[in-house]
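Peer 1: I'll drop the sequence and a predicted model, then ask my questions.
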Amino acid sequence: MSDGRPDPPKPSQSLSRAFAKFDLDGHDLPPSPAPSSPRNGKRYAIATELVYTEGSDQYGASSTPIYQTATFKQTSGSGGGEYDYTRSGNPTRTHLERHLAKIMNAERALVVSSGMGALDVITRLLKPGDEVVTGDDLYGGTNRLLKFLSTHGGIIVHHVDTTNADKVRGVLGTKTAMVLLETPTNPLIKIVDIPTIARATHEANPAAVVAVDNTMLSPLLQNPLDLGADIVYESGTKYLSGHHDLMAGVIAVNKASIGEGLFFVINSTGCGLSPFDSWLLMRGVKTLKVRLEQQQSNAQRIAEFLESHGFKVRYPGLPSHPQYQLHNSMARGAGAVLSFETGDTNVSERIVEAARLWAISVSFGCVNSLISMPCRMSHASIDAKTRQERAMPEDIIRLCVGIEDADDLIDDLSRALVQAGAVNLTTEGSFSAKDLGEASPKETVSNDIY
Ligand SMILES: Cc1ncc(COP(=O)(O)O)c(C=O)c1O
Ligand SMILES: N[C@@H](CCSC[C@H](N)C(=O)O)C(=O)O
């Protein structure tokens, strides 16, 4: 090299070109990066693994370089380069994918442009006539995509209460191609027994895949692949990145054939995560543990505060949650999303609007706290009739807790509750939730697990 530095090392064997075998059309596929680092590559405690990465570029860069390039020079007319085109693979993206595979206990991870992009890639493995079994409490965007697939893609979608394994068994069969689970669910915070449903699915059809949306917990708190899932996916927009400065989706698998199928779709459709967003997500992942532990401890205090004042709170960190034990058998924490009801949609709206520290926003998993009314915001794409059939209370408020000082968050929420007239003030200055449920029976829909 002209500056006197040693020549860059040759690409290692582990980075050598690999050809994906999954081929929907019977034609050769473009090169894919080598599979991500194996699950057993995890050697240290998670706090260490989140920040520790093996290898570097030729200059020893501490932060993964951003390979902001669309195409790559080849060594011969027949190719020969490690990468050829960023849609097919990019070193920054590969670095992130290997890191995520390690922390998600997966053989392979793939990153795409959003959480919905991840679900789109996964559901493209389905064929017309295939059946999907899924929950009756799902993120609104997930519900919308499944509805689209059933009206435009010939996919038969069964929505059942996935907290009840017998109801799931009732719709499983040889045509079941995919079981799609969220746990905890968004926004009703119901818990789904992943191992039981995964076993039942594979008994009904060994070829069926169980896909779990782990967005509400992140790999820090739950590893669905270790619980029997075949595919885990997450919105990287949430906890993994943690600052609401990017959109991303992550998919992780242990079966090579599924990974190759997913890669085929990503390369064919061009939804792989950009180099810059891969870099940003890599940066965010390193602080996942410190952020989420603080968020979770704040969420626990807020859940206890609301419950102690008589609100019906949904949070798996509360022993009163009907599936507290089940949740703790699968997860290492309750996360930082909780919801509660006031019994009156207007009162809920006033609380949301009176809060100052809590931004009125969709999304969650970020360092700052958010408040929202799911039926009007994140889940508004589920029509009112369906929401009612699925027992989604219109007055439900969702709190997505950040890393701020818990006392400040509680003070602000208390003030908003008082200002909205949601609580009865006592002469000593303490308060309890008003029994507003009776005042608006039409808007309070029963939810049989609560
Ligand atoms: C549980 C859940 N899964 C998936 C998604 C989709 O993620 P994204 O917004 O990154 O597309 C969201 C939110 O958007 C979500 O809440
Ligand atoms: N307008 C958006 C709403 C996104 S909701 C984001 C997030 N998953 C949440 O639960 O808050 C849309 O139509 O998708």
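Peer 2: Now that the structure is in, tell me what you want to look at. Ligands and ions are numbered 1, 2, ... in the order given.

Peer 1: For residue 295, which non-adjacent residue is closest in space?
Peer 2: Nearest residue to residue 295, sequence neighbours excluded (Cβ to Cβ, 6 or more residues apart in numbering): residue 336, at 3.6 Å. Just so you know, the C-beta spots here come from the backbone N, C-alpha and C atoms, and that holds for glycine as well.

Peer 1: got it, and residue 218?
Peer 2: Counting by Cβ to Cβ, 6+ apart, residue 218 lies nearest to residue 239, which is 3.9 Å off, once chain neighbours are set aside.

Peer 1: Surely the one you found forms part of a strand?
Peer 2: No. Secondary structure assignment places residue 239 outside any strand; it is coil (DSSP: H, G, I helix; E, B strand; the rest coil).

Peer 1: What's the local residue count around it?
Peer 2: 28 (other Cβ atoms under 10 Å).

Peer 1: isn't it right up against residue 337?
Peer 2: No. With contacts counted by Cβ atoms under 8 Å, residue 239 stays clear of residue 337, the gap being 9.7 Å.

Peer 1: where does residue 251 land in three-state SS?
Peer 2: Of the three states, residue 251 takes strand according to three-state DSSP.

Peer 1: My guess is it contacts residue 109. True?
Peer 2: Yes. Between residue 251 and residue 109 there is a contact at 6.8 Å, judged by Cβ under 8 Å.

Peer 1: more crowded one of those two?
Peer 2: Higher neighbour count among residue 251 and residue 109: residue 251, with 30 against 26, using other Cβ under 10 Å.

Peer 1: how about the residues of the stretch 51-200 of the chain near ligand 1?
Peer 2: Proximity of the stretch 51-200 of the chain to ligand 1, by Cβ under 6 Å from any ligand atom, involves residues 114, 115, 116, 139, 141, 142, 182, 186.

Peer 1: Check the burial of the residue nearest to residue 295 by counting its neighbours.
Peer 2: 34.

Peer 1: got it, and residue 169?
Peer 2: By the other Cβ under 10 Å criterion, the neighbourhood of residue 169 contains 17 residues.

Peer 1: pretty sure it belongs to a helix, no?
Peer 2: Yes. The assignment for residue 169, made by three-state DSSP, places it in a helix.

Peer 1: Residue 202 versus that one, what's the distance?
Peer 2: Going from residue 169 to residue 202 by Cβ to Cβ, to the nearest Å gives 12 Å.

Peer 1: which residues does the residue of the stretch 201-350 of the chain found nearest ligand 2 contact?
Peer 2: Nearest residue of the stretch 201-350 of the chain to ligand 2: residue 235, at 6.4 Å (Cβ to the nearest ligand atom). When contacts are counted by Cβ atoms under 8 Å, 6 or more residues apart in numbering, residue 235 is found next to 114, 115, 116, 118, 215, 248, 249, 365.

Peer 1: Need phi/psi at it.
Peer 2: Dihedral angles phi and psi of residue 235 (degrees, to the nearest 10) take the values phi -80, psi 110.
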